[in-house]
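Peer 1: my questions are about this predicted structure, shown below with the sequence.
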Amino acid sequence: MLTILGFAMIATFLVLIMMKKMSPIAALVLIPALFCVAVGQGAKLGDYVIEGVGNLAPTAAMLMFAIVYFGVMIDVGLFDPIVRGILRFCKADPMRIVIGTAVLAAIVSLDGDGSTTFMITVSAMYPLYKRLKMSLVVMTGVAATANGVMNTLPWGGPTARAATALKLDAGDIFVPMIPALGVGLAAVLLLAVVLGRRERKRLGTLTLDEVLTTETVTESQTVLVGSGGGSDRTRTNSGGAGTGTGADAGDARGAEAEGDEDEDEDEDEGFKGLDPNRATLRPKLYWFNAGLTVALLTAMIMELMPIPVLFLLGAALALTVNFPHMPDQRARIAAHADNVLNVSGMVFAAAVFTGVLSGTGMVDHMADWLVGAIPDGMGPHMAIVTGILSIPLTYFMSNDGFYFGVVPVLAEAGAAHGVSPLEIARASLVGQPLHMSSPLVPAVYVLVGMAKVEFGDHTRFTVKWAALTSLVVLCAGLLFGII
């Protein structure tokens, strides 16, 4: 019964948010609460929620101060050269911009933290997508999938969990997987090409001067990084955040792309892009801010201190040095309070979902049922089974639940048929491209929140591509004899 109710709870949640019948926060709280009562454990709901909140509180703290830190770095102009460089390389070509999104997300993912990756990627690429009227779910989908492939780094989490659960060396798991993961990253780049060509066909290609020139619109809206020094021009705003190519601007706004979301007028009016003349710029402190960011990321990779503490110290130092006056500090914190509240609220709401899923025993029963459903004849192929199961299981449960609860059982079953625990551990990494879009991953709320994309739209668009990427990694592992 708990197995059925567990799958039903997850299915209900996904259906309601994809159909936009409930907001993610409301669905994450109310649906598990109702199912907790349905299984007869309503009296323990408070305990489950408190346990879930306790488990996710460090993550929420990390996200709060990370958003403030990177928000300040955006304000002071740390990422402006990145945006200008990407724009010049992409030459206002939607296909190149999508490829640039994948490359940037993959490179930044080297720090091993998904939230940091999404904050930097969205900060750099969001103005480009808005200015060219590109589909924002393309950006979130490509960034999440690229980060999922790179999330298998030994310091990224899943590999370390697999190594701990099976008492193996993380290097023995990860290094042989590099060719397969390389193929997976190539698949992401191919996906970026396909989606980029679709966007190019829908929107056309602007010239570099058209994009770099700052325009004045009827709502006094500031447009993307005017690094080219062109003069202002006046046009009539049709309600979008950017234009297409001249006469086809209205057609571009009306064009339908898969997962493309409606523009909100208030959101457009508030969109400032990266204004090259904003008062918060600190060009004299550029190298200090760059050095501070590199030092922060290095400390994260080397695990010198807990990540929430590092971001807390980094945010405090960045605010103090860049904005020494108290009114300016309060203004910067207030400017990013909306993102902080949305993301941290989503994390604590997810704590209700994960707390009920774990506390009631649903997740354990679901895992046991799936493992028990494997035919005995599949024993010699347990590595393949593990790879296939990792795709849905790491989406429907946390990495901790999968690697510490399911993988040891699969490894034990495989060992009885001569399958090495190393093969099981490597195969268990296959599902990570999809995992990064799971509603149980706090970082995904940073991604969709900063990109102003509905979580349901992101899910509907991304799941199929991420699952396909996971299958490509699995097939590459089999082809290379790694799995």
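Peer 2: Arrived safely. Numbering: from 1, shown residues only.
Peer 1: neighbours of L153, how many?
Peer 2: 19 (other Cβ atoms under 10 Å). Using the backbone N, CA and C atoms, a C-beta is placed for each residue, glycine as well.
Peer 1: show me the contacts for Y129.
Peer 2: If you count contacts by Cβ atoms under 8 Å, 6 or more residues apart in numbering, Y129 has them with 97, 135-136, 138-139.
Peer 1: what residues of the helix or strand containing G182 count as buried?
Peer 2: Remark: G182 resides in helix 178-203, with elements defined by DSSP states H and E. Within helix 178-203, the residues scored as buried using 16 or more other Cβ atoms under 10 Å are 180-181, 183-185, 187-189, 191-192, 195-196, 198-200, 202-203.
Peer 1: what's that helix packed up against?
Peer 2: helix 94-108, helix 136-150, helix 455-479 (3 or more Cβ pairs under 8 Å, 6 or more residues apart in numbering; DSSP states H and E).
Peer 1: least reliable of these by average pLDDT, please.
Peer 2: Looking at the helices and strands packed on helix 178-203, the lowest mean pLDDT belongs to helix 94-108 (a mean of 90).
Peer 1: now the helix or strand following that helix - C-alpha only, PDB.
Peer 2: Next helix or strand after helix 94-108 toward the C-terminus (DSSP H and E): helix 114-131. Provided in PDB are the C-alpha atoms of helix 114-131 (Å, rounded to 0.1, in the frame of the first residue of the first chain):
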ATOM      1  CA  GLY A 114      24.700  22.900  -8.900                       C
ATOM      2  CA  SER A 115      23.400  26.100  -7.300                       C
ATOM      3  CA  THR A 116      26.600  28.000  -8.000                       C
ATOM      4  CA  THR A 117      26.500  26.800 -11.600                       C
ATOM      5  CA  PHE A 118      23.000  27.900 -12.200                       C
ATOM      6  CA  MET A 119      23.500  31.300 -10.600                       C
ATOM      7  CA  ILE A 120      26.500  32.100 -12.700                       C
ATOM      8  CA  THR A 121      25.000  30.600 -15.900                       C
ATOM      9  CA  VAL A 122      21.700  32.400 -15.600                       C
ATOM     10  CA  SER A 123      23.300  35.700 -14.600                       C
ATOM     11  CA  ALA A 124      25.400  35.600 -17.700                       C
ATOM     12  CA  MET A 125      22.900  34.200 -20.200                       C
ATOM     13  CA  TYR A 126      19.500  35.500 -19.100                       C
ATOM     14  CA  PRO A 127      19.900  39.000 -20.600                       C
ATOM     15  CA  LEU A 128      20.900  37.500 -23.900                       C
ATOM     16  CA  TYR A 129      17.800  35.200 -24.000                       C
ATOM     17  CA  LYS A 130      15.500  38.100 -23.000                       C
ATOM     18  CA  ARG A 131      17.000  40.500 -25.400                       C
END
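Peer 1: now helix 114-131 against helix 178-203, angle please.
Peer 2: Orientation of helix 114-131 against helix 178-203 (axes from the mean of the first three to the mean of the last three Cα atoms, to 10 degrees) gives an angle of 20 degrees.
Peer 1: so where's the stretch 101-250 of the chain uncertain?
Peer 2: The model of the stretch 101-250 of the chain has pLDDT under 70 over residues 111, 155-156, 205-250.
Peer 1: same check, this time on the stretch 251-400 of the chain
Peer 2: Along the stretch 251-400 of the chain, the parts satisfying pLDDT under 70 run over 251-275.
Peer 1: I figured L195 hits V138, correct?
Peer 2: Yes - L195 lies in contact with V138 (Cβ atoms under 8 Å); the separation is 5.1 Å.
Peer 1: between these two, what contacts are shared?
Peer 2: Residues touching both L195 and V138 (Cβ under 8 Å, 6+ apart): V98.
Peer 1: list the buried residues of the host helix or strand of V294.
Peer 2: Assigned by DSSP H and E, V294 falls within helix 286-301. Going by neighbour count (16+ other Cβ under 10 Å), the buried part of helix 286-301 is 288-289, 292-293, 296-297, 299-300.
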